[in-house]
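*Asks:* One predicted model, sequence on top.
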Amino acid sequence: MYTTDDNLDEFIFRIDDKTIAKYWVHMDLNKVKIDLKSLTGDDDLCNNHKKIFKISEIYEANKDIAEELIVKAKANPDSYRKMLSKSFTKIFPDESFIDRISIGNYSKPEETLKRPYAKYSQDIARQLKLIK
């Protein structure tokens with residue numbers, strides 16, 4: 001994604017909350033709806049990005065990433081994360097590494113450009129409260 005000043009925080013990926021419930025009822029990935037939204041209110045810029053860069057089509061084809069995050073959010077409660085941190089201090093020296101493993105991608109905004117789909121993973125993981 002591109003912006004006039006390389007600020008990716010102008011956009012956010014969101015899973016429609018109702019479709020998360022539908023996913024759990026039907027266990028059907030096709031029920032999950034994900035959208036890119038503007039955080040600044042510049043819907044024209046957001047829609048332009050969607051059209052030019054085929055964002056909806058690209059991320060629709062990779063909804064399995066979102067599905068994994070939905071499942072991880074249910075399977076990795078906070079108590080599990082605390083246990084990892086406490087029991088394996090040498091493997092997990094800080095929370096960010098646990099976050100990275102939990103979401104399967106970099107979790108910090110400053111690391112977004114290090115790996116494909118990092119922004120997508122970060123936004124959805126924050127929505128699902130997998131990371132802060």
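*Replies:* Nice, thanks for sending it over.
*Asks:* Show me where this protein dips below the pLDDT cut-off.
*Replies:* Residue ranges of the chain with pLDDT under 70: 1-8.
*Asks:* And the helices in it, which stretches?
*Replies:* Secondary structure of the chain (DSSP state H): helices located at 17-26, 43-52, 55-60, 63-75, 78-87, 95-103, 118-127.
*Asks:* Would you tell me which one of the ones you listed is buried the most?
*Replies:* helix 118-127 (a mean of 22; mean count of other CB atoms under 10 Å). From N, CA and C alone the C-beta is placed, and that goes for glycine too.
*Asks:* Tell me the helices and strands packed up against it.
*Replies:* strand 11-15, helix 63-75, helix 95-103 (3 or more CB pairs under 8 Å, 6 or more residues apart in numbering; DSSP states H and E).
*Asks:* mind running it again at 7 Å?
*Replies:* strand 11-15, helix 63-75 (3 or more CB pairs under 7 Å, 6 or more residues apart in numbering; DSSP states H and E).
*Asks:* how many neighbours does Leu36 have?
*Replies:* 20 (other CB atoms under 10 Å).
*Asks:* Looks like it contacts Asn47 (just checking).
*Replies:* No - if you go by CB atoms under 7 Å, Leu36 and Asn47 don't touch, sitting 9.2 Å apart.
*Asks:* Need the helices and strands packed on helix 118-127 in a markdown table (columns: distance to Ser121).
*Replies:* Formatted as a markdown table, the helices and strands packed on helix 118-127 follow (distance: least, CB to CB, whole Å):
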| stretch | distance to Ser121 |
| --- | --- |
| strand 11-15 | 9 |
| helix 63-75 | 6 |
